[in-house]
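**Student:** need coordinates for the below:
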Amino acid sequence: MISRVISRTDELLVALRMSGFEGVWCADAEELEKAFDEAVEDKDVGMIILNEKDFYELEEKVLAVKDKKRSPFICTLPGRDGYSEDDFIMRYVRDAIGVKLD
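**Tutor:** Coordinates of the predicted model:
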């Protein structure tokens, strides 16, 4: 299994390529969506890595894949300044299990 980085951010893509990950750079939202669809269908891809901005661009599609398929694992990494939402992890847990934790 391989891990694939799909990004519109050069910094993330270069950094993870230097670490040995395969990567796809996308110029616009259309290319991003196409690269994501190809990665989901590729049986050799075990993990897809997206940055936070790209995740929000594809959020509905990513959540649909997570609901229907067991593989690939989809990981979201923060941008240079960290997550844009203060409670990103809590929101993710709330959406995943349907319970608000205090």
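
**Student:** contacts, neighbours, all on C-alpha from now
**Tutor:** Noted.

**Student:** now do the strands in this protein.
**Tutor:** Assigned by DSSP state E, the chain shows strands spanning 2-7, 22-25, 45-51, 73-77.

**Student:** mind checking how far the most centrally placed residue in the chain is from K66?
**Tutor:** Residue closest to the mean C-alpha point of the chain, counted by CA atoms, centre = their mean, is L50 at 2.9 Å. To K66, L50 is 14 Å away according to CA to CA, to the nearest Å.

**Student:** same deal with W25?
**Tutor:** In terms of CA to CA, W25 sits 23 Å off from K66.

**Student:** would you turn the strands of the chain into CSV with distance to L32 and mean pLDDT?
**Tutor:** CSV is the format used below for those (distance: least, CA to CA, whole Å; pLDDT from 0 to 100):
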stretch, distance to L32, mean pLDDT
strand 2-7, 7, 92
strand 22-25, 8, 90
strand 45-51, 10, 92
strand 73-77, 14, 88
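
**Student:** remind me which residues of the chain are low pLDDT?
**Tutor:** Scanning the chain for pLDDT under 70 picks out 79-93, 96, 98-102.

**Student:** same thing but at 80, please
**Tutor:** Scanning the chain for pLDDT under 80 picks out 69-71, 79-102.

**Student:** can you show me the CA trace of the lengthiest helix in it as PDB?
**Tutor:** Counting by DSSP state H, the longest helix found in the chain is helix 29-41. What follows is helix 29-41, C-alpha atoms only, in PDB (Å, rounded to 0.1, in the frame of the first residue of the first chain):
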ATOM      1  CA  ALA A  29     -10.700  22.600  -7.500                       C
ATOM      2  CA  GLU A  30     -11.500  20.500 -10.600                       C
ATOM      3  CA  GLU A  31      -8.100  18.900 -10.700                       C
ATOM      4  CA  LEU A  32      -8.300  18.400  -6.900                       C
ATOM      5  CA  GLU A  33     -11.600  16.500  -7.200                       C
ATOM      6  CA  LYS A  34     -10.300  14.400 -10.100                       C
ATOM      7  CA  ALA A  35      -7.100  13.500  -8.200                       C
ATOM      8  CA  PHE A  36      -9.100  12.500  -5.100                       C
ATOM      9  CA  ASP A  37     -11.500  10.300  -7.100                       C
ATOM     10  CA  GLU A  38      -8.500   8.600  -8.800                       C
ATOM     11  CA  ALA A  39      -6.800   8.000  -5.500                       C
ATOM     12  CA  VAL A  40     -10.000   6.500  -3.900                       C
ATOM     13  CA  GLU A  41     -10.400   4.100  -6.800                       C
END
